[in-house]
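Engineer: How does the following fold in three dimensions:
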Amino acid sequence: MLSWMTKALDLRLTMFGIFEDDLVPGMGPLATNSMIVGALRELPPTADLLYLEFVLEKCTNMSPVPGAPHLLRAHRPVGTGAIIYTAKGARKVLEQTMPAFFPALDSMLSHLIENGHLEVIVPLIAV
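Structural biologist: Numbering: from 1, shown residues only. Reported below is the predicted structural model:
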């Protein structure tokens with residue numbers, strides 16, 4: 001996954017998604033597309049990652065995003081199945097996960113998010 005982030009940054013992409021090949025959306029294609037497009041429209045410029053699939057997040061720890069009624073700021077989600085990265089966020093992930101400090105990227109990202117090193121946003125529908 002980190003190599004794909006490096007490739008996307010080499011291509012100077014401002015935003016890109018990395019999705020697992022076995023991901024099954026919880027809604028139809030049109031609704032999924034609408035949710036993602038809506039989340040991207042509201043995504044604050046400070047955001048590093050937009051998580052579209054995650055587990056083990058406590059809803060009580062999430063907070064609203066001012067000016068973005070369909071988004072929440074995550075506290076400690078787990079999972080890397082469907083993430084849209086901003087270029088700024090991808091650079092942070094690469095800088096802060098090399099060398100690896102946990103065996104899995106899921107765990108490293110959760111740790112970085114919980115400790116305030118990454119700003120992660122989730123669409124309200126994904127909660």
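Engineer: Please give the element, helix or strand, for the residue nearest to P25 when sequence neighbours are not counted.
Structural biologist: Setting aside the residues directly before and after it, P25 is nearest to T32 in space (CB to CB, 6 or more residues apart in numbering), at 4.5 Å. (Each C-beta comes from the backbone N, C-alpha and C, glycine too.) For T32, the element it lies in under DSSP states H and E is helix 29-42.
Engineer: what's the average pLDDT for that helix?
Structural biologist: Average pLDDT, helix 29-42: 91.
Engineer: next one: it to chain centre, how far?
Structural biologist: Distance of helix 29-42 from the chain centroid (CA atoms, centre = their mean, to the nearest Å) equals 14 Å.
Engineer: Provide the contact partners of that helix at residue level.
Structural biologist: Contact partners of helix 29-42, identified using CB atoms under 8 Å, 6 or more residues apart in numbering, comprise 15, 25, 27, 50, 52, 65, 67-71, 84, 121, 123, 125-126.
Engineer: Can I get the longest strand along the chain as PDB, trimmed to CA atoms?
Structural biologist: Counting by DSSP state E, the longest strand found in the chain is strand 78-86. C-alpha atoms of strand 78-86 as PDB (Å, rounded to 0.1, in the frame of the first residue of the first chain):
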ATOM      1  CA  VAL A  78      -9.200   0.700  12.300                       C
ATOM      2  CA  GLY A  79      -9.000  -0.500   8.800                       C
ATOM      3  CA  THR A  80      -7.400   0.300   5.400                       C
ATOM      4  CA  GLY A  81     -10.000  -1.200   3.100                       C
ATOM      5  CA  ALA A  82     -11.200   2.000   1.500                       C
ATOM      6  CA  ILE A  83      -9.300   5.300   2.100                       C
ATOM      7  CA  ILE A  84      -9.100   8.400   0.000                       C
ATOM      8  CA  TYR A  85      -5.800  10.100   0.700                       C
ATOM      9  CA  THR A  86      -4.900  13.800   0.100                       C
END
